[in-house]
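**Q** got a predicted model here, sequence first, then my questions.
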2 protein chains.
Amino acid sequence: MKNEVLVVGSVAFDTIENANGSVQRVLGGAASYASLCASYFAKPSVVAVVGTDFSDRDRAPFVRRGVDLEGLQIKEGKTFHWGGCYDKDFNTAVTRFTELNVFQDFNPVLTERQKKAKAVFLANIDPELQLAVLNQVKNPKIVACDTMNYWISSKKETLLEVIKRIDVLFLNESEARQLTGEYNLIKAGRLLLEQGVKYVVIKLGSNGAMLVSRVGIAQLPPYILEHVHDTTGAGDTFGGGFTGYLASLRKWDRLTAIKRAMMIGNVMASFTIESFSVDRLAGLTQTDIDKRLKEYTSMLKF
Amino acid sequence: MKNEVLVVGSVAFDTIENANGSVQRVLGGAASYASLCASYFAKPSVVAVVGTDFSDRDRAPFVRRGVDLEGLQIKEGKTFHWGGCYDKDFNTAVTRFTELNVFQDFNPVLTERQKKAKAVFLANIDPELQLAVLNQVKNPKIVACDTMNYWISSKKETLLEVIKRIDVLFLNESEARQLTGEYNLIKAGRLLLEQGVKYVVIKLGSNGAMLVSRVGIAQLPPYILEHVHDTTGAGDTFGGGFTGYLASLRKWDRLTAIKRAMMIGNVMASFTIESFSVDRLAGLTQTDIDKRLKEYTSMLKF
């Protein structure tokens, strides 16, 4: 019996163009990537909202992976739809349109079962909604949270309220610098520890991830991938895998567990970037995952 | 009896300004950093040129570390002097002046003993001089080579001649892209393998280093340092430690040895950036080095 991990965030459609091609209105959204990834380690349950245009086909990957959709609200209207294009080397994503649609009035309401989830992953959404979820859950063992530059500039105070109440914070390099005003990532991480969070995980994109915590700091490389197809959702996958793995442990609050969670985040993200949408991520076997984990640890053996 | 490693490059004075202070006319130069670093693993011997202003005090760190200076030419005039300043976060170095002085007419002439060196490190100098050295050495077991953007744009053909004849090439991310026209670092590395080099080591600055070779690819994180004092010479230290370590082995041409050499390059570079000049690097104990190597491998254990 897998432990439950609650994932709150967006379930959306993406329209993406990059050097490898383009796709229209494919399944995306932070909660989709995170919950599908977490499903390999725990029993994910989603809190999100979609429109009446969200079909059984869109639901299929979740169903196949055993993701609980009881908390997926369906509202009259259209599902959140993001359009963007990447440059040749995935350095910059330019947003072409953001149609929030039913997501605009999203109000996360947890089921009784979700309130008792062992682990919570607050994917990248308005920190006020993240707080609303924290006010509903009953004593979860792990709370992890992702955010983005938009919330740091528009709702910093609320975000700091969230940070006080979580165990793990994910951000990327520029977000860590933006939130703290400190360029040095370790110093930025330490400033965030002072805000009350236990583990700060700075996602370094193609350079892996860095951990800053009171029990230790670490920098772990990525799982090296020669051909990158689309980077959309890589960070969400990282967060979902990280949290899902920790949820599966009896004792997660220690350095070795956190480092393994980072390794799993890195390896799982490598699958996401091998295809558009969740195509690759949603169809993995345990063998696929074990093979890469083995390659990863083997790369770091001396 | 340590194996001999020949280091060819600049022995110079640096005048540096950064957020931590400034120093004037301190010992610098690629061959200084590389040979002092290599001295912890092998017996380095320098081929370089200095002016008559190069004093016994300037020579002292080499003497203390057992670096053979027989091949250090002394020419009437002044020693090569570089002046530069870094921004707050060591992202950019702006050159204030480059006084080549006696280095302008440097003609590397190897002693009979140097010609028989087991290992050769061609630090960053004019590829024509690197070729001149390759034409003098007698069947070295390992030849490693560093370069920079200036030579890639001004003497690319000569540099490619050098690359045909070496075992290991060091470059940084932008140099790898500049030299190959390929953004993806693994693909860039593979293009360089096609040019005849066996191991391409891409230095990633604060993100460690990446290896591209026919026997495997790897990305290794840096030794994490919270306080960076001055990054001058970090890359030269990496190359010197890498080559010196390989020179100490009976069998260097295999993936595990190369990965260990990268680890040693990363760890040794962490000492260099803890002070201006070679102050920290030249005064290490075996315990200092072993401690960081142990911390490094421990960080990468799961």
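**A** Looks like it came in fine.
**Q** can you show me the strands along the stretch 1-150 of chain A?
**A** A:4-8, A:12-18, A:21-28, A:43-51, A:72-75, A:81-86, A:93-99, A:119-122, A:142-146 (DSSP state E, counting those that start in this stretch).
**Q** low pLDDT regions in the stretch 201-302 of chain A?
**A** Applying pLDDT under 70 to the stretch 201-302 of chain A picks out no residues at all.
**Q** okay but A:D89 is in contact with B:L185, surely?
**A** No: the criterion here is Cβ atoms under 8 Å, and A:D89 misses it with B:L185 at 10.4 Å. Any C-beta I mention is one placed from the backbone N, CA and C, and that applies to glycine too.
**Q** compare the two (neighbour count), which wins?
**A** A count of neighbours by other Cβ atoms under 10 Å in any protein chain shown puts B:L185 above the other of A:D89 and B:L185, at 22 against 13.
**Q** quick one: contacts for the closest residue in space to the more buried one that isn't next to it in sequence?
**A** The shortest distance from B:L185 to any non-neighbouring residue, by Cβ to Cβ, 6 or more residues apart in numbering or on different chains, is to B:I202 (5.5 Å). B:I202 is in contact with B:L171, B:N172, B:E173, B:A176, B:L185, B:A188, B:G189, B:A209, B:M210, B:L211, B:V212, counting by Cβ atoms under 8 Å, 6 or more residues apart in numbering or on different chains.
**Q** quick one: residues contacting the third one.
**A** Under the criterion of Cβ under 8 Å, 6+ apart, the contact partners of B:E173 comprise B:L185, B:I202, B:K203, B:L204, B:G205.
**Q** what's the offset of the helix or strand containing A:T297 from the middle of its chain?
**A** Assigned by DSSP states H and E, A:T297 belongs to helix A:286-299. When C-alpha coordinates are averaged (Cα atoms, centre = their mean, to the nearest Å), helix A:286-299 and its chain have centres 21 Å apart.
**Q** tell me the buried residues in that helix?
**A** Across helix A:286-299, burial judged by 16 or more other Cβ atoms under 10 Å in any protein chain shown covers A:I289, A:R292, A:L293, A:Y296, A:M299.
**Q** still on that earlier bit, ok, the contacts of B:E173 vs chain A, which is closest?
**A** Ranked by distance to chain A (Cβ to the nearest Cβ), the contacts of B:E173 are led by B:L204 at 6.7 Å.
**Q** that closest one reaches B:L211, doesn't it?
**A** No: with contact defined as Cβ under 8 Å, B:L204 does not count as touching B:L211 (10.9 Å).
**Q** same drill for the two, tell me which one is more crowded.
**A** Applying other Cβ under 10 Å to B:L204 and B:L211 shows that B:L211 carries more neighbours, namely 24 against 20.
**Q** wait, what's in contact with the residue nearest to the more buried one when sequence neighbours are not counted?
**A** Nearest non-adjacent residue to B:L211, counting by Cβ to Cβ, 6+ apart: B:A218, 4.6 Å away. Listed by Cβ under 8 Å, 6+ apart, the contact set of B:A218 reads A:I224, A:M299, B:M210, B:L211, B:L255, B:K259, B:M262.
**Q** list the beta-bridge partners for the fourth one.
**A** Beta-bridge pairing of B:L211, defined through DSSP bridges, involves B:V201, B:A218.
**Q** what's the pLDDT at the closest residue to chain B within the stretch 1-150 of chain A?
**A** The nearest approach of the stretch 1-150 of chain A to chain B comes at A:D89, 4.5 Å away (Cβ to the nearest Cβ). For A:D89, the pLDDT comes out at 83.
**Q** can you check A:F62 too?
**A** Reported pLDDT for A:F62: 98.
**Q** what parts of the stretch 201-302 of chain A come near chain B?
**A** A:204, A:207-208, A:210, A:217-222, A:224, A:226, A:228, A:256, A:259-260, A:263, A:297, A:299-302 (Cβ under 8 Å from any Cβ of the partner chain).
**Q** which of those residues are buried?
**A** Among these, those classed as buried by 16+ other Cβ under 10 Å are A:204, A:207-208, A:210, A:217-222, A:224, A:228, A:259-260, A:263, A:299-300.
**Q** ok, now which ones touch A:L72?
**A** A:V11, A:V46, A:V47, A:A48, A:V49, A:V50.
**Q** run a quick neighbour tally on the third one.
**A** So the one you mean is A:V47. Considering only other Cβ under 10 Å, A:V47 is surrounded by 30 other residues.
**Q** so who does it touch?
**A** Applying Cβ under 8 Å, 6+ apart, the residues contacting A:V47 are A:L6, A:V7, A:V8, A:A31, A:G71, A:L72, A:P108, A:V109, A:L110, A:Q114, A:V133.
**Q** try 6 Å this time
**A** A:V8, A:G71, A:P108 (Cβ atoms under 6 Å, 6 or more residues apart in numbering or on different chains).
**Q** with pLDDT and distance to chain B added, can I get those residues in JSON lines?
**A** Below are those laid out as JSON lines (pLDDT from 0 to 100; distance: Cβ to the nearest Cβ, whole Å):
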{"residue": "A:V8", "pLDDT": "98", "distance to chain B": "29"}
{"residue": "A:G71", "pLDDT": "96", "distance to chain B": "33"}
{"residue": "A:P108", "pLDDT": "96", "distance to chain B": "34"}
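**Q** out of these, which is most surrounded?
**A** Counting by other Cβ under 10 Å, top hit in those: A:V8 with 30 neighbours.
**Q** I'd say it and A:V133 touch.
**A** Yes: A:V8 lies in contact with A:V133 (Cβ atoms under 6 Å); the separation is 5.0 Å.
**Q** give me the common contacts of these two.
**A** A:P108.
**Q** distance check, A:H229 against chain B.
**A** Distance from A:H229 to chain B, counting by Cβ to the nearest Cβ, to the nearest Å: 12 Å.
**Q** count of neighbours near that residue?
**A** 18.
**Q** helix or strand: which one has it?
**A** Going by DSSP H and E, A:H229 is not in any helix or strand.
**Q** next one: A:F276
**A** Here A:F276 is assigned to no helix or strand, by DSSP H and E.
**Q** list the residues that contact it.
**A** A:V23, A:V26, A:D230.
**Q** now the lengthiest helix in chain A: how far from the chain's centre is it?
**A** Looking across chain A with DSSP state H, the single longest helix is helix A:255-272. Helix A:255-272 sits 12 Å away from the centroid of its parent chain (Cα atoms, centre = their mean).
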